[in-house]
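Undergrad: sequence and predicted structure, then a few things I'm wondering about:
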Amino acid sequence: MTLADARAFLTSLFDAAVEAANPLTGIRANLPAKPKGRTVVIGAGKGSAQMAAALEQCWDGPLEGLVVTRYGFATKCEHIEIIEASHPVPDAAGLVASRRLLKLVEGLTEDDLVIALISGGGSALLPSPAGDLTLEDEIAVNKALLASGAPIATMNVIRKHLSTIKGGRLAAAAYPARVVSLVVSDIPGDDPALVASGPTVPGAGTRGEALDLIRLYKIELPAAVMAHMEKAEADAPRTDDPRFARNEVHVIASAGVSLEAAAETARKAGIEAAILSDAIEGEAREAAHMHAAIAREILHRDRPFTKPIVLLSGGETTVTLTGKGKGGRNSEFLLSLAIDIDGHAGIHAMAADTDGIDGSEDNAGAFADAGTVARLRSTGIDPAVMLRNNDAWSAFNAIDDLFVPGPTGTNVNDLRAILINPDD
């Protein structure tokens, strides 16, 4: 199998995973009954615009609404307004969007229906600082969380205690209207209360637990933020709050379903597939060590699986920033993996975010193989130095090995695919 053939194969797995997370299928299967009153659509996330377009295709009746997505991720809708804001760092446009969403659900009755379209990325897209906090405080919180290396679930437990819209508060504002949340999950374990920090789904994490997590991960937050966290007003709604009694939540797409689709695509191409997990977390570079060790074991000893095979995994790793380079968790995973598989001919890998964007650049991820390190060194780049500086994007960009499919319209987190081929 040539380098081009291997990358075409890996790309086909990514395409299958993304298609399996197409929101149209999940929305069509989970449409709520039409209400006596109004149908109001709200939403946030990197896949929310495509979810809105899919809902319009399926819904036979009047509807109105507003969803917010990341810059460059909008799509055309007839009745639902699409606005864009910043991700992964919040901005003023996101603040405006949060206020408009809260205003949109004011004054609804028990005869009205709210359909919430929620996908990953909504946490940054919906800044709505509580109490005396400011947008600048929320931006500082977001930057500190992204740099902390904390799991996404931890980040979202903290975020919801600093917001007037997260942690179920948007659904509470819509009461007594019924809220049906359709969720594309990017969270390991698929807890809908953690996707986008659960604007319409209350979660179990308490304020005390949030404070414990801040201390555990040594997250440096502004003094005003910590002062707010010490107040009872920061408490998020409880899951048994009667305002949520009539609401429904449906996870319509997830990493597990997408991994199964990728595995089936591999098998149809004559390559066996093994799904390691759909919920891998932890430091990206450390997760790479585990994946690389398994790949080498298969390549050289045919255990725990026999080759040829492709290893698949999902979830969301993290990056603790110590350097000042560019990149995201998928490119960092791959650079670490490339170092570990250097010279082991027969291993090809891709890691990519299913939303099409890894970090803050325009790539979803990258490709790596047994010759990646040699190609980097031939250009004068030391891969270990680049990894220490969190500069994986620059490394892969220098050898034209970035994977750039563009925005996909969905988001079920990361797809990692490692092909071990004996014919290489």
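TA: Thanks, I have the structure now.
Undergrad: make it CA atoms for all contacts and neighbour counts henceforth
TA: Fine.
Undergrad: pretty sure residue 147 contacts residue 323?
TA: No. Taking CA atoms under 8 Å as the definition, residue 147 is not a contact partner of residue 323, at 10.3 Å.
Undergrad: show me what counts as buried in the helix or strand bottoming out on mean pLDDT in the chain.
TA: Every helix and strand in the chain was compared by mean pLDDT, DSSP states H and E; the lowest is helix 152-159, with a mean of 90. Residues 152, 153, 154, 155, 156, 157, 158, 159 are the ones in helix 152-159 that count as buried (16 or more other CA atoms under 10 Å).
Undergrad: need the residues touching each of residue 147 and residue 323.
TA: Here residue 147 and residue 323 share no contacting residue, scored by CA atoms under 8 Å, 6 or more residues apart in numbering.
Undergrad: picking that back up, rounded mean pLDDT for the helix or strand just after the least confident helix or strand of the chain, please.
TA: Per DSSP states H and E, the first helix or strand lying C-terminal to helix 152-159 is helix 169-174. Mean pLDDT, computed over helix 169-174, is 98.
Undergrad: how far off centre is helix 169-174?
TA: Its chain's C-alpha centre and that of helix 169-174 lie 23 Å apart, by CA atoms, centre = their mean, to the nearest Å.
Undergrad: surely residue 156 touches residue 191?
TA: No. Applying CA under 8 Å as the test, residue 156 and residue 191 come out as separate, 11.4 Å apart.
Undergrad: what sits up against the least confident helix or strand of the chain?
TA: 123, 145, 166, 187, 194, 196-197, 205-207, 210-211, 213-214, 316.
Undergrad: from those, which has minimum pLDDT?
TA: Across the contacts of helix 152-159, the bottom pLDDT score, 86, is held by residue 187.
Undergrad: could you find the closest non-adjacent residue to that one?
TA: In space, and not counting its chain neighbours, residue 187 is closest to residue 195: 6.2 Å by CA to CA, 6 or more residues apart in numbering.
Undergrad: for that neighbour, give me its contacts.
TA: Applying CA under 8 Å, 6+ apart to residue 195 gives the contacts 118, 119, 120, 122, 183, 184, 185, 186, 187.
Undergrad: rerun that using 10 Å as the cut-off
TA: Listed by CA atoms under 10 Å, 6 or more residues apart in numbering, the contact partners of residue 195 are 45, 118-123, 152-153, 156, 167, 183-188, 201.
Undergrad: CA atoms only: put the host helix or strand of residue 50 into CSV for me.
TA: Counting by DSSP H and E, the element that carries residue 50 is helix 48-58. This file holds the C-alpha atoms of helix 48-58, laid out as CSV (Å, rounded to 0.1, in the frame of the first residue of the first chain):
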residue,chain,number,x,y,z
SER,A,48,-26.0,23.9,15.2
ALA,A,49,-26.5,25.6,11.8
GLN,A,50,-26.6,22.3,9.9
MET,A,51,-28.9,20.9,12.6
ALA,A,52,-31.2,23.9,12.0
ALA,A,53,-31.2,23.3,8.3
ALA,A,54,-32.0,19.6,8.8
LEU,A,55,-34.8,20.5,11.2
GLU,A,56,-36.3,22.8,8.6
GLN,A,57,-36.3,19.9,6.1
CYS,A,58,-38.2,17.7,8.5
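Undergrad: packing partners of it?
TA: On a contact count with 3 or more CA pairs under 10 Å, 6 or more residues apart in numbering; DSSP states H and E, helix 48-58 meets helix 23-29, strand 39-44, strand 64-70, strand 80-85, strand 113-119, strand 178-184.
Undergrad: strands of the stretch 251-400 of the chain, start to end?
TA: With strands called from DSSP state E, counting those that start in this stretch, the stretch 251-400 of the chain shows them at 272-280, 309-315, 347-353, 365-369.
Undergrad: JSON lines for those strands, including distance to residue 339?
TA: Compiled in JSON lines, those are given as follows (distance: least, CA to CA, whole Å):
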{"stretch": "strand 272-280", "distance to residue 339": "20"}
{"stretch": "strand 309-315", "distance to residue 339": "18"}
{"stretch": "strand 347-353", "distance to residue 339": "12"}
{"stretch": "strand 365-369", "distance to residue 339": "9"}
